[in-house]
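[1] Okay, predicted coordinates and the sequence, questions at the end:
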Amino acid sequence: MTKRVLMKGNEVIAEAAVRAGCRHYFGYPITPQTEIMHYMARRMPEVSGTILQAESEVAAINMVYGAAAAGARVMTTSSSPGISLKQEGFSYIAGAELPAVVVNIVRTGPGLGGILPAQGDYFQATKGGGHGDYRNIVLAPASIQELYELTVEAFNLADKYRNLVMILGDGTLGQMMEPVAFRDEESIETVAKDWAVSGRQGRKEHNEITSIYINPDIMEALNNKLQAKYREIEKNEVRVEVLQCEDAEIVITAFGIASRICRNVIRQARAEGIKVGMIRPITLWPFPSKTISAVASIESVSSFLTVELNAGQMVEDVRLAVNGSKPVEFYGRMGGNLPSQKEILEKIRTMAGK
Amino acid sequence: MEKVFSRTEGLLDKPMHYCPGCTHGIIHRLIAEAMCELDILEETIGVSPVGCTYNNYEYFACDMVQASHGRAPAVGTGIKRVHPERMVFTYQGDGDLAAIGTAEIVHAAARGEKISTFFVNNAIYGMTSGQMAPTTLIGQKTTTSPFGRDPQVQGYPINVSEMIATLEGAVYVERVSVSSFKDIKNAAKAIRKAFRVQQAGLGFSMVEILSTCPTNWGIDPVGAIEWLEENMKKKYPLGVFRGKDLEV
């Protein structure tokens, strides 16, 4: 490890991408993530990479589609309204099975919303957003160091599964500064991309990248192949942090920046004699349902509390995992407001009957 | 017996799905022949649009990518930026390029993106069954302008080549037709030139090709050629709008 440096979340994403071998970046300005593009504009020329400011989010994701089809490690980044515009592209990327990395530094909605942090894009990120049966791998970092680790990981996962990988951050993570330690060298897992278009160059058959199959049997076969891949990802790639659940009465579930706030709440609650633990999903898809289900079966656990910066989205997946065996409560703030430790602690006291 | 005429190596041995009298087949052949003549078949990556030619990736022998509706120039940009030494072309119809994809074509041209666009203008949406296109002529009847295109209601047709030619990054823009033997020969020349402009790294090149759609115009193939000659050529005059003196 090299020495730690103090950096802004958005800049760490850009630096991590370059270190992971990303040499093509296409984007469109939108707050609160534009520093990624600013950083890329200076950094990419140093590594002979491409940074292109597209005419729209729609164009940017289609440039990503083209570059991914051509075999490159490629990324686009945006924030909520811009991510909505990219959904059609995500669906095509899924259909054509192209590896790509997308970052969503979530702001508030609906509509133009506001530029402050939120987690209101959980449904859109994990349940689809675009048309058709497809899944994106969704990674939810909770610190600047993890933003670095997961951005590098995103490129490896994208190539491994020929799948879109989304980093779901929020305005706080993008804007805040924390120390980060970069490795001297990244372990880039290179995958042969013999399916990519590069000009035939002596290849006997031409390569085709497409997502349209008019024949229903062929279309169904593609869907079955995708579903088999998604089951494989569910089997292999779940990442979750479990904190002090062995003896917990109340288990918090929270991801990203909400989990950072809850981490402190655990300490305070335990000091008051309320045993609180936490499950922090790091992959939002595949969702750590099995871990949640196993914790729900611990005898001491009496209830769950899901904390999010939205009206209650991940809580639906928690409830499915708990499957009625324990009550699952929710606490959330919206509009760009963060829940305070005091508010969450108050909720926990009420749940504990104190 | 001596073989005097054969399929070009630029096209795969597959029957095409186009309607009788449709000129897409001719245009495909011209592009394929140009790739062979310039010896770039193995250097080229084509981008298919959404529309009647959505699956022409099944016909061209070069590497091919299918794009979403209107986004072929953005997809082509992504490919070209990864493989700047390769040749990239987009094949797009008037709905794809001049309606839903207006932003992408304008900005690819403005950036001087080193790709070639073959823009097929038949004044109608073919695949979705004959709706009005941005290029539909005034008075022309379509399934969504059944009483004829009325400029007070549906506005005016767009002269795409003239518009693109105003952009500095577009170094070669020509409108051709495939409605006569002479026009076809000229179209072949223009397609070759577009590729050569790209090869020389000069900037964006586009060839607009006037084309027929007998099925959706409701005219027999011979009548469709005549309709193109009499009506389309008036609104869409053939000629070079940019790069006339360009030597490549």
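    Everything's here; your move.
[2] Spit out the contact partners of B:Gly223.
    When contacts are counted by CB atoms under 8 Å, 6 or more residues apart in numbering or on different chains, B:Gly223 touches B:Pro214. In this view, the C-beta of every residue, glycine as well, is placed from N, C-alpha and C.
[3] Look up which helix or strand the residue of chain B at minimum distance from chain A falls in, please.
    Of all residues in chain B, B:Gly78 sits closest to chain A, with a separation of 2.5 Å (CB to the nearest CB). Per DSSP states H and E, B:Gly78 falls inside helix B:72-82.
[4] Now the helix or strand following that helix - C-alpha only, CSV.
    Next along the chain after helix B:72-82, taking DSSP H and E as the criterion, comes strand B:87-93. Taking Å, rounded to 0.1, in the frame of the first residue of the first chain, the C-alpha atoms of strand B:87-93 are listed here in CSV:
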residue,chain,number,x,y,z
MET,B,87,-13.2,2.1,-40.5
VAL,B,88,-16.7,2.7,-39.0
PHE,B,89,-19.9,3.3,-40.9
THR,B,90,-23.5,3.8,-39.8
TYR,B,91,-26.5,2.8,-42.0
GLN,B,92,-29.6,4.7,-41.1
GLY,B,93,-33.0,5.5,-42.4
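[5] And strand B:87-93, what does it pack against?
    Packing contacts for strand B:87-93, counted by 3 or more CB pairs under 8 Å, 6 or more residues apart in numbering or on different chains; DSSP states H and E, involve helix B:24-37, strand B:44-48, helix B:72-82, strand B:116-121, helix B:181-199.
[6] Please identify the most buried of these.
    Per residue and on average, the most neighbours among the helices and strands packed on strand B:87-93 fall to helix B:72-82, with a mean of 31 (mean count of other CB atoms under 10 Å in any protein chain shown).
[7] and the angle for that one with strand B:87-93?
    Taking axes from the mean of the first three to the mean of the last three CA atoms, to 10 degrees, helix B:72-82 and strand B:87-93 form an angle of 170 degrees between their directions.
[8] for helix B:72-82, packing partners?
    Here helix B:72-82 is seen to pack against strand A:24-27, strand A:50-53, helix A:57-69, strand B:44-48, strand B:87-93, helix B:102-110, strand B:116-121 when contacts are counted using 3+ CB pairs under 8 Å, 6+ apart.
[9] tell me the angle that helix makes with helix B:102-110.
    Computed by the same axes, to 10 degrees, the angle between helix B:72-82 and helix B:102-110 is 40 degrees.
[10] What mean pLDDT does helix B:72-82 get?
    Mean pLDDT, helix B:72-82: 98.
[11] same check, this time on stretch A:282-299
    Mean per-residue pLDDT for stretch A:282-299: 98.
[12] Kindly report the same for stretch A:229-242.
    Rounded mean pLDDT across stretch A:229-242 is 98.
[13] For the residue of the stretch 251-354 of chain A found nearest chain B, give me its contacts.
    Of all residues in the stretch 251-354 of chain A, A:Trp285 sits closest to chain B, at 23.1 Å by CB to the nearest CB. Listed by CB under 8 Å, 6+ apart, the contact partners of A:Trp285 are A:125-126, A:135-138.
[14] now B:Gly112
    Shown in contact with B:Gly112 (CB under 8 Å, 6+ apart): B:168-171, B:203-204.
[15] do you know how far it is from B:Val75?
    Taking CB to CB, to the nearest Å as the measure, B:Gly112 and B:Val75 are separated by 17 Å.
[16] Excluding chain neighbours, what is closest to the residue in the stretch 51-200 of chain A positioned nearest to chain B?
    Using CB to the nearest CB, the closest approach of the stretch 51-200 of chain A to chain B is made by A:Gly66 at 2.5 Å. Spatially, and ignoring its direct neighbours in sequence, A:Gly66 is nearest to B:Gly78 (2.5 Å; CB to CB, 6 or more residues apart in numbering or on different chains).
[17] which ones are touching that neighbour?
    When the contact criterion is CB under 8 Å, 6+ apart, the partners of B:Gly78 are A:24, A:26, A:62-70, A:74.
[18] now swap in A:Arg107 and tell me
    A:31-32, A:79-81, A:113-118, A:170-171, A:336.
[19] If you rank those by neighbours, which is first?
    A:Asp170 (31 neighbours; other CB atoms under 10 Å in any protein chain shown).
[20] show me where pLDDT drops low in the chain?
    You didn't say which chain, so I picked chain A. Low-confidence regions of chain A, defined by pLDDT under 70, span residues A:1-2.
[21] Please parse it into its domains.
    Under the assignment named as automatic domain parsing, the residue ranges that make up the domains of chain A are A:4-236, A:241-351.
[22] what's the pLDDT at the spatially most central residue of chain B?
    The centre of chain B sits closest to B:Phe119, judged by CA atoms, centre = their mean, with a distance of 2.3 Å. In the prediction, the pLDDT value recorded for B:Phe119 is 98.
[23] Isn't it up against B:Asp94?
    Yes - applying CB atoms under 8 Å as the test, B:Phe119 and B:Asp94 come out as touching, 7.4 Å apart.
[24] what touches both of these two?
    Taking CB under 8 Å, 6+ apart as the criterion, B:Phe119 and B:Asp94 both touch B:Val160.
[25] Minimum distance to B:Ile26: which of the helices and strands packed on helix B:72-82 has it?
    Comparing those by their distance to B:Ile26 (CB to CB), the top pick is strand B:116-121, with 10.4 Å.
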